[in-house]
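Asker: below are the sequence and a predicted model; questions follow.
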Amino acid sequence: MSDNAPILELQNVVKEFDGNRAVDGCSFQVMPGTITGLIGPNGAGKTTVFNLVSGNLSCTSGAIYFQGQRIDGLSPHQTARRGIVRTFQIPRELKRMTVLENLMLVPADQSGEKIWNSWFLPWRVQRQELQNQVRAQEILEFVNLSHLRDEYAGNLSTGQKKLLEMGQTLMAEPKLVLLDEPGAGVNPTLLNELVASIRTATKERGITFLLIEHDMNLVMGLCDPIVVMINGKNVAQGSPEQVRNDPMVIEAYLGGTAASPRPESR
Ligand SMILES: Nc1ncnc2c1ncn2[C@@H]1O[C@H](COP(=O)(O)OP(=O)(O)OP(=O)(O)O)[C@@H](O)[C@H]1O
Ligand SMILES: [Mg+2]
């Protein structure tokens with residue numbers, strides 16, 4: 001597949017809940033290797049789009065393609081197998097397990113899960129666990145949580161939980177990561193670490209990110225391109241500069257509350 005082909009494409013996607021259209025003919029593409037932003041006011045349909053892409057919800061109509069293949073209708077398990085990993089608006093860490101254990105839980109297909117392997121191939125289970133642990137340690141360093149490896153996940157701050165979630169995401173060796181409001185409730189220092197780990201994951205591991213975020217400074221500084229959704233529809237797409245200057249976006253979304261100066265006031 002060429003680099004010019006989108007990794008993800010939504011074609012006229014519709015999702016109705018009891019006759020109300022949460023997503024109303026949404027079409028956009030995500031190119032591989034990008035950190036693409038998805039913005040829009042509350043209730044615009046952003047999280048629903050994530051649920052449709054990940055298979056947590058099924059489309060009412062329209063089509064979703066991942067690496068050229070249709071994925072709407074697949075289960076979350078099946079989309080994860082293809083390399084799509086999502087995070088949730090509210091982190092879902094396992095509180096009574098340590099940070100390291102939370103990471104080691106992630107990889108699917110561990111031999112240890114299959115009971116007969118531990119009977120007949122114990123060496124294989126041990127070797128895989130060891131490899132898994134080495135990888136988890138590496139990722140802990142990557143997301144700057146090594147110092148908390150033996151802490152219960154339930155004791156972490158919101159920002160640290162988001163870093164842990166990023167670590168879990170990377171453990172799954174994804175191709176496309178869907179991040180739902182990674183910045184929410186995270187203090188500026190940890191936010192910088194989170195941003196750095198997203199950038200590095202893209203640069204060094206070639207991971208593509210699609211990221212929902214209300215923090216305009218974060219989005220404008222990190223994402224390119226940015227897709228704007230209003231009332232279930234994609235209404236604009238472009239560089240941060242283009243989106244910031246799009247009259248429709250200014251009027252309908254950024255309004256007087258934009259984090260960055262409006263064009264006429266510069
Ligand atoms: N499971 C559901 N059942 C019924 N309605 C839903 C469901 N999920 C979302 N909706 C509705 O769909 C619309 C879009 O919601 P969605 O959560 O996708 O918005 P959002 O853009 O993520 O908003 P926010 O920025 O506040 O997170 C809203 O009107 C919401 O109430
Ligand atoms: Mg949402």
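Answerer: Thanks, I have the structure now. Ligands and ions are numbered 1, 2, ... in the order given.
Asker: quick one: contacts for A5?
Answerer: Neighbouring residues of A5 by CB atoms under 8 Å, 6 or more residues apart in numbering: P32, Q67, G68. Quick note: C-beta positions are derived from backbone N, CA and C, even for glycine.
Asker: may I see the buried residues of the lengthiest helix in the chain?
Answerer: The residue-count maximum for a helix in the chain (DSSP state H) belongs to helix 122-142. Buried residues in helix 122-142, defined by neighbour count with 16 or more other CB atoms under 10 Å: V125, Q128, N132, R135, A136, I139, L140, F142.
Asker: for those, give me a markdown table that also has distance to ligand 1 and pLDDT.
Answerer: Below are these laid out as a markdown table (distance: CB to the nearest ligand atom, whole Å; pLDDT from 0 to 100):
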| residue | distance to ligand 1 | pLDDT |
| --- | --- | --- |
| V125 | 39 | 63 |
| Q128 | 38 | 74 |
| N132 | 34 | 84 |
| R135 | 32 | 88 |
| A136 | 31 | 91 |
| I139 | 28 | 90 |
| L140 | 29 | 93 |
| F142 | 28 | 87 |
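Asker: the one helix or strand N102 maps to: which residues count as buried?
Answerer: In the assignment (DSSP states H and E), N102 maps to helix 99-104. For helix 99-104, the neighbour count (16+ other CB under 10 Å) marks V99, L100, N102, L103, M104 as buried.
Asker: tell me the least confident of the residues you listed?
Answerer: Among these, M104 has the lowest pLDDT, at 87.
Asker: what sits against it?
Answerer: M104 touches E129, N132, Q133, A136, M171, counting by CB under 8 Å, 6+ apart.
Asker: residues near T47, how many?
Answerer: Residues within reach of T47, counting by other CB atoms under 10 Å, total 20.
Asker: scratch that, T158
Answerer: 13.
Asker: can you classify the nearest residue to it once chain neighbours are set aside as helix, strand or coil?
Answerer: What sits nearest to T158 in space, not counting adjacent residues and going by CB to CB, 6 or more residues apart in numbering, is G185, at 4.0 Å. G185 carries the three-state label coil when classified by DSSP: H, G, I helix; E, B strand; the rest coil.
Asker: could you measure from G185 over to L222?
Answerer: 17 Å (CB to CB, to the nearest Å).
Asker: more neighbours: which of these two?
Answerer: The residue with more neighbours, out of G185 and L222 and counting by other CB under 10 Å, is L222; that gives 22 against 14.
Asker: wait, what's in contact with that one?
Answerer: The neighbours of L222, taking CB under 8 Å, 6+ apart as the test, are I35, G37, V195, I198, R199, L211.
Asker: what's the answer for M248, then?
Answerer: Contacts of M248 (CB under 8 Å, 6+ apart): V235, A236.
Asker: switch to 10 Å and redo it
Answerer: V228, I230, V235, A236 (CB atoms under 10 Å, 6 or more residues apart in numbering).
Asker: one step back: for the helix holding N102, output the C-alpha coordinates as CSV.
Answerer: What follows is helix 99-104, C-alpha atoms only, in CSV (Å, rounded to 0.1, in the frame of the first residue of the first chain):
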residue,chain,number,x,y,z
VAL,A,99,1.7,0.1,36.8
LEU,A,100,4.0,-2.6,35.4
GLU,A,101,1.3,-5.3,35.7
ASN,A,102,-1.2,-3.0,33.9
LEU,A,103,1.2,-2.9,30.9
MET,A,104,2.1,-6.5,31.0
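Asker: what's the offset of it from the middle of its chain?
Answerer: 19 Å (CA atoms, centre = their mean, to the nearest Å).
Asker: out of the helices and strands in this protein, which is least certain?
Answerer: helix 115-120 (a mean of 55; mean pLDDT, DSSP states H and E).
Asker: what ranges does the stretch 151-266 of the chain have for its helices?
Answerer: 158-171, 188-205, 216-222, 240-245, 247-249 (DSSP state H, counting those that start in this stretch).
Asker: can you tell me which of those is nearest to ligand 1?
Answerer: helix 216-222 (12.5 Å; CB to the nearest ligand atom).
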